[in-house]
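> Kindly generate the corresponding structure for this input.
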Amino acid sequence: MIRSVAFAAALAAFPALAHAGTVTSPDGRIVATLDATGEGVPSYSVSFDGEPVITESTIGFTFTDVDPMRRNFAIVEETTNSVDTTWEQPWGERRIITDRHNELAVTFRQQDDAARQMTVRMRVFDDGIGFRMEFPEQDSLPVANIAEELTEFRIASDGEAWSIPAGDWNRYEYLYERTPISALSTVHTPVTMILENGTHISFHEAALVDYSGMWLRRMEGTRLRAQLSPSPRGPKVIREGAFHTPWRTIQIADGAAGLFESAMILNLNEPNVLGDVSWFEPHTYLGIWWEMHLDTHSWASGERHGATTERAREIIDFAAENGFRGILIEGWNLGWDGAWFGNGREFSFTEAYPDFDIVAVTDYARERGVRIIGHHETGGNIDVYEAQLEEAMAFYESLGIDAVKSGYVADAGGVIAPDGEGGETFVWHDGQEMVNHHLRVVREAAEHRIAMNPHEPIKDTGLRRTYPNWVSREGARGAEYDAWAVPKNDPGHVPELIFTRMLSGPFDYTPGVFSLAGRGAAEPDIPSTLARQLSFYITIYSPIQMVADIPENIAAWPRALDFVQRVGVDWEESLLLDGAVGEYAVIARQVREDSTWFVGGTTDEQPRDTTITLDFLDPGAEYLATIWEDGEGADGMGDDRHAMNVRTVTVRQGDTLDVHMARAGGFAIEIALSGE
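From the prediction side, this is the model:
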């Protein structure tokens, strides 16, 4: 009773709004509410088509040095806004993005002597919601030493979830698990779910800047809560003055297409701050890379060294003869000998091994019309990398290298960072230190007109809109696992990636293993048909696409080579024609500012027949469809994985194409105007 009287007296001391704030999506299907509970805990809820998706879920923070921001809040201000506009991507899975949303911002003030306040800003789109917490500069919280963010997600019903574990040793590189929502543990985002009523939702975050990455931890039943990536410094996030959190996002749709075609993550990021980035050209590339995973060559120096001047010239010649713009060369620089994994203390980013003349190689490539893609493997040592960063980027710029793949190969929690006192400390790949490090690298690269493609990265949260030179990244289990892992990537892995990891942005999966053979392969090896490998260039989006196999194997399959020479890498539009999360996907993409379309399909271990309706073609025009498809007897999990048929047919808008996908199979189609 004493507590209730004191709380009521505190409330009376501040002006407060008694009602909850509500905001609706432009199409009226999604409704979100911001309120405070009976104990003054900020909360929100979300419904879709009149049915709850997120029931009353609370928001709060704990700190390492002051009282929590948890209870005793009242609403003191509400503002609203609406946006309906479009903007153009310099490159992307679609050129024109529509940003159409309604916004509600509710300011909460704690009813105590400190009177700390925060604003929850909620934006509601037709394809989901995003909200963030904004802290003004306030004397009662000059520095926020955040121990944990207490944002909850109380999912209204059980259902199925596709997830990978967070807080384990291997960063993001896992096969997905399909479980009930109520069986989740601690998982990375994006995590995608289908509720019992069929509603599709995916949780993630947008605009992750100067903050720790968010994991989701199941507390009980279907109640999830944010858990920030750890820090050895005590607080998981340290921010001074005014700041805001990343956007917490929930994409909501009535089917898989609504998730796939959503641009909400991009729309929650700030516009391009780099200006003209036309110096970046989307492209396909080869590399001195797959042979190291096969263990026929090595990154380290010696007789098996892969990155030699002689080998580089051979691949440059192959690239020039076959129309590939780029050549990735790994292992050219000093530091690969010995225990570099999780170490990186010996790496130099400007000094080459004696058998690799980097100036001669880049000159030779330029003469042949090919660009070298630089490589910065750090071994997870950002202390060493940042000390050389400016010099390394300037060195590459002087050589005409305009794209760099970076790497952070270390176990989770094993990234070496400066401790601020002249020593080292160990941080997580998705903690605040690494969030800031990646932006530091991207900004420095932009100063030298260099595009970045990090592997073992921080997860994608749409910052490619703000920094368009951040063109792709890894951040999931890619094709390299098909070289040496047990098990390989299973047939359902890519159909899962399309509706989970790929919702966050481009993925340098490194497809194109035409041999379908990994290290020491015994037939059958990689569970895939040859046509399925081609489908990845359409179903997995990246503005840089590797053809991963060695040139000798690529040349051995000329019909597959013909396809990768023709397929687009930059798109006007992207559509999901058919698909189911974790099972299969059929995707159509139109080449940017062109009439040509490509359609790709990939399936899991179930063979499927699909009918493609060509409603997306221009009316009245005649097209020639070239189809690379699983041939008679093809079986991606059996003996005949290379059986592939190539056929052509004339089509018009509204026609249909029937295509069969074998087990672990797929197809790729080019649809071009007749006569072109």
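
> how about low-confidence regions in this structure?
Where the chain drops to pLDDT under 70, the residues are 1-19, 523, 676.

> Repeat the analysis, applying 50 as the threshold.
The chain contains residues with pLDDT under 50 at 1-15.

> what about the longest helix in it?
The longest helix of the chain (DSSP state H) is helix 382-399.

> Can you show me the helices along the chain?
Using DSSP H, helices in the chain cover 2-12, 256-260, 264-267, 290-293, 309-322, 358-367, 382-399, 432-447, 481-484, 493-497, 530-539, 551-555, 558-566.

> quick one: the last one to helix 530-539, angle?
Inter-element angle recorded for helix 558-566 and helix 530-539: 10 degrees (by axes from the mean of the first three to the mean of the last three CA atoms, to 10 degrees).

> Show me what counts as buried in helix 558-566.
560-564 (16 or more other CB atoms under 10 Å). For every residue, glycine as well, the C-beta is placed using N, CA and C.

> Domain ranges for the chain, per the record?
Following automatic domain parsing, one gets these domains for the chain: 2-267, 283-567.

> And the ones you listed: which comes nearest residue 641?
When these are compared by CB to CB, domain 283-567 sits nearest residue 641, at 5.1 Å.

> ok now that closest one, how far from the chain's centre?
Centroid separation between domain 283-567 and its chain, computed with CA atoms, centre = their mean, to the nearest Å, is 15 Å.

> Surely residue 415 touches residue 425?
No: between residue 415 and residue 425 there is no contact under CB atoms under 8 Å: 9.3 Å.

> Contact partners for residue 616?
By CB atoms under 8 Å, 6 or more residues apart in numbering, the residues touching residue 616 are 573, 575, 588, 590, 597, 653.

> Measure how buried the spatially closest residue to residue 429 that is not a sequence neighbour is and give me the count.
Nearest residue to residue 429 in three dimensions, chain neighbours excluded: residue 171, at 5.2 Å (CB to CB, 6 or more residues apart in numbering). Residues within reach of residue 171, counting by other CB atoms under 10 Å, total 30.

> wait, what's in contact with residue 171?
412, 429, 456, 475.

> picking up where we left off before, residue 415 and residue 425 - which one has more neighbours?
Legend: neighbour count by other CB under 10 Å for residue 415 and residue 425, higher for residue 415 (28 against 16).

> if I look at the closest residue to residue 439 other than its chain neighbours, how far off is residue 268?
Closest residue to residue 439 apart from its sequence neighbours, by CB to CB, 6+ apart: residue 209 at 6.8 Å. Going from residue 209 to residue 268 by CB to CB, to the nearest Å gives 12 Å.

> who has more neighbours, those two?
Neighbours per residue (other CB under 10 Å) separate residue 209 from residue 268, with residue 268 holding more: 26 against 17.

> residues touching residue 314, list them.
By CB under 8 Å, 6+ apart, the contact set of residue 314 is residue 551.

> ok, the buried residues of helix 558-566 vs residue 38, which is closest?
Minimum distance to residue 38 across the buried residues of helix 558-566 is 61.1 Å, recorded for residue 564 (CB to CB).

> from memory residue 436 sits against residue 212, does it?
No: using CB under 8 Å, residue 436 makes no contact with residue 212, being 10.3 Å away.

> what about these two, which has more around it?
Taking neighbours as other CB under 10 Å, residue 436 and residue 212 compare with residue 212 leading, 28 against 15.

> quick one: the residue nearest to the more buried one when sequence neighbours are not counted and residue 431, what's the gap?
Among residues not flanking residue 212 along the chain, residue 228 sits closest, at 4.1 Å (CB to CB, 6+ apart). Using CB to CB, residue 228 is found at 8 Å from residue 431.

> shared neighbours of these two, anything?
Common contacts of residue 228 and residue 431 (CB under 8 Å, 6+ apart): 212-213, 236.

> So which of these sit within strands?
Counting by DSSP state E, none of the members of the shared contacts of residue 228 and residue 431 fall within strands.

> For residue 88, state which of those residues is nearest.
Comparing the shared contacts of residue 228 and residue 431 against residue 88 with CB to CB places residue 213 closest, at 29.0 Å.

> Surely the closest one is in contact with residue 459?
Yes: with contact defined as CB under 8 Å, residue 213 counts as touching residue 459 (6.4 Å).

> Now for these two: what residues contact both?
With CB under 8 Å, 6+ apart, residue 213 and residue 459 have common neighbours residue 430.

> Tally up the residues packed near residue 156, please.
Residue 156 is flanked by 20 other residues according to other CB under 10 Å.

> can you pull the contacts of the residue lying closest to it once chain neighbours are set aside?
With CB to CB, 6+ apart as the criterion, residue 156 has its nearest non-adjacent residue at 4.0 Å, and that residue is residue 52. Neighbour list for residue 52: 45-46, 156 [criterion: CB under 8 Å, 6+ apart].

> and if we set it to 10 Å?
Counting by CB atoms under 10 Å, 6 or more residues apart in numbering, residue 52 touches 31, 45-46, 154-157, 195.

> For it, name its beta-bridge partners.
When assigned by DSSP bridges, residue 52 has beta-bridge partners residue 47.

> quick one: it and residue 405, what's the gap?
Distance from residue 52 to residue 405, by CB to CB: 44 Å.

> Specify which member of the contacts of residue 171 is nearest to residue 464.
The nearest one, if we look at those relative to residue 464 and count by CB to CB, is residue 475, at 12.6 Å.

> how close does that closest one get to residue 149?
According to CB to CB, residue 475 stands 22 Å off from residue 149.

> So for stretch 121-131, what gets flagged as buried?
121-131.

> Narrow these to those in strands?
Among those, the members found in strands (DSSP E) are 121-125, 128-131.

> Residue 467: which of these is nearest?
Looking across those and measuring by CB to CB, the closest to residue 467 is residue 130, at 19.1 Å.

> Find the nearest non-adjacent residue to residue 127, please.
With CB to CB, 6+ apart, the residue lying closest to residue 127 is residue 262, at 4.1 Å.

> That neighbour is in contact with residue 255, isn't it?
No: if you go by CB atoms under 10 Å, residue 262 and residue 255 don't touch, sitting 11.7 Å apart.

> okay, the two: which has more neighbours?
Neighbour comparison, residue 262 and residue 255: the larger count goes to residue 262, with 20 against 15 (by other CB under 10 Å).

> I'd like the distance between that one and residue 468.
20 Å.

> Return the residues in contact with residue 25.
Going by CB under 10 Å, 6+ apart, the list of residues near residue 25 reads 31-32, 48, 100-102, 123-129, 252.

> Next: residue 595.
By CB under 10 Å, 6+ apart, the contact list for residue 595 reads 572, 617-618, 621, 623, 671-673, 676.
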